[in-house]
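Enquirer: have a look at this fold, sequence not included:
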């Protein structure tokens, strides 16, 4: 008695199978139609690279221009060598300064990380970068009033500096511009040490990022698949040492720290903070930050010590 009903669903099932096949075929054709487009330009004292997938280089061009324009805008906001930047204007002021909402949010966020890291990261290290001869440093001496939008430096000689978060913020801002324009697959980088990934390349799990080990022997190199996240690497084996804002001296014991976070600015800040904190305090700080992953190399008694926190390489280790 139920035979007509069974016969009735067979054409529908066949149509559904055909529809799924057509959708899959169209999806495959869309993937194949995408091509990788790359552009490199100087910005923020280094080289900025933007890679994205688009139907053609012509289709990618406006997105590339928008990304680089956003990075230029952030540089104009945070540059300490441009006299007309918002940061330079703030550092020249002798009293409370009304700043734009973006700068207000940015400084408030940076000061929050300074508080959470116990001063291992500190956005007031501007004077320390120039001299270790008793410079004025201390995030506690900056007042941010969210209601009046006023920022005050409470000690003479205190100077704000974006060196430990500016690159990450610029990459995050440019990634937001690309995402809002409909770009789904892109990788932005600065100087080979800071990255921000949108979605992965077509057919891949992520963008393969190699993290070199600059120590003797280079046995602690690793790699990671990066997608929808930021990555930052810091270390005292670079040309300029990372300073410990708490002591006014170079941080000791750190060889290299690499951090992955959902936001590139947070990754930038934390890679610096972990280099200053050292292995135990650094691991303790990250214990409650479940979205953060880290690959940390510290100097040991005889050999370098590697600490990993929620880190997974492409091979699964």
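Expert: Received the coordinates, thanks. Computed from a prediction, not measured in an experiment: that's the story for all the values here. Residues are numbered from 1 along each chain as shown.

Enquirer: wait, what's in contact with residue 101?
Expert: Residue 101 makes contact with residue 149, according to C-beta atoms under 8 Å, 6 or more residues apart in numbering. In short, each C-beta sits where N, CA and C put it, glycine included.

Enquirer: need phi/psi at it.
Expert: When quoted as degrees, to the nearest 10, the phi and psi of residue 101 stand at phi -60, psi -40.

Enquirer: try the one 3 residues further on
Expert: Torsion angles at residue 104 (phi, psi; degrees, to the nearest 10) stand at phi -60, psi -50.

Enquirer: ok, it to residue 88 distance?
Expert: 17 Å (C-beta to C-beta, to the nearest Å).

Enquirer: what of residue 311?
Expert: With C-beta to C-beta as the criterion, residue 311 and residue 88 are 38 Å apart.

Enquirer: contact partners for the residue nearest the centre of the chain?
Expert: By C-alpha atoms, centre = their mean, the chain has its centre lying nearest to residue 264, at 1.9 Å. Residue 264 makes contact with 167-169, 171-172, 175, 194-196, 229-232 under the criterion C-beta under 8 Å, 6+ apart.

Enquirer: among these, name the ones in helices.
Expert: 167-169, 171-172, 175 (DSSP state H).

Enquirer: reformat these as TSV; add neighbour count, pLDDT and distance to residue 259.
Expert: Listed next are these as TSV, based on neighbours: other C-beta atoms under 10 Å; pLDDT from 0 to 100; distance: C-beta to C-beta, whole Å:
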residue	neighbour count	pLDDT	distance to residue 259
167	32	97	13
168	29	98	10
169	25	98	15
171	33	98	14
172	24	98	14
175	24	98	17
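
Enquirer: which one of those sits closest to residue 306?
Expert: residue 168 (23.4 Å; C-beta to C-beta).

Enquirer: looking at it, the closest one is touching residue 267, isn't it?
Expert: Yes: judged on C-beta atoms under 8 Å, residue 168 makes contact with residue 267 at a distance of 5.9 Å.

Enquirer: which neighbours do these two have in common?
Expert: When C-beta under 8 Å, 6+ apart defines a contact, the residues bordering residue 168 and residue 267 alike are 194, 230, 232.

Enquirer: so who does the first one touch?
Expert: In this case it means residue 194. By C-beta under 8 Å, 6+ apart, the contact list for residue 194 reads 167-168, 171, 230-233, 264, 267-268.

Enquirer: can you name the residues that contact the nearest residue to it once chain neighbours are set aside?
Expert: Sequence neighbours aside, residue 167 is the residue nearest to residue 194 in space, at 4.5 Å (criterion: C-beta to C-beta, 6 or more residues apart in numbering). Each residue near residue 167 by C-beta under 8 Å, 6+ apart is listed here: 44, 46, 190-191, 193-194, 232, 264, 268.

Enquirer: Throw those residues into JSON lines and include distance to residue 64, thanks.
Expert: Output for the contacts of residue 167, formatted as JSON lines (distance: C-beta to C-beta, whole Å):
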{"residue": "44", "distance to residue 64": "17"}
{"residue": "46", "distance to residue 64": "17"}
{"residue": "190", "distance to residue 64": "15"}
{"residue": "191", "distance to residue 64": "18"}
{"residue": "193", "distance to residue 64": "21"}
{"residue": "194", "distance to residue 64": "18"}
{"residue": "232", "distance to residue 64": "23"}
{"residue": "264", "distance to residue 64": "18"}
{"residue": "268", "distance to residue 64": "22"}
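
Enquirer: ok, of the residues you listed, which come out buried?
Expert: Buried members of these, scored by 16 or more other C-beta atoms under 10 Å, are 44, 190, 193-194, 232, 264, 268.

Enquirer: now the two most distant members of the residues you listed.
Expert: Taking C-beta to C-beta as the measure, the buried ones among the contacts of residue 167 have their most distant pair in 44 and 232, spaced 13.8 Å apart.

Enquirer: farthest-apart pair in the contacts of residue 194, please.
Expert: 171 and 233 (13.2 Å).

Enquirer: burial measure for residue 293, as a count.
Expert: The number of residues packed near residue 293 is 20, by other C-beta atoms under 10 Å.

Enquirer: likewise the one 3 residues further on?
Expert: The burial metric for residue 296, expressed as a neighbour count using other C-beta under 10 Å, is 26.

Enquirer: same question for the one 3 residues further on.
Expert: Residue 299 is surrounded by 16 other residues when neighbours are defined as other C-beta under 10 Å.
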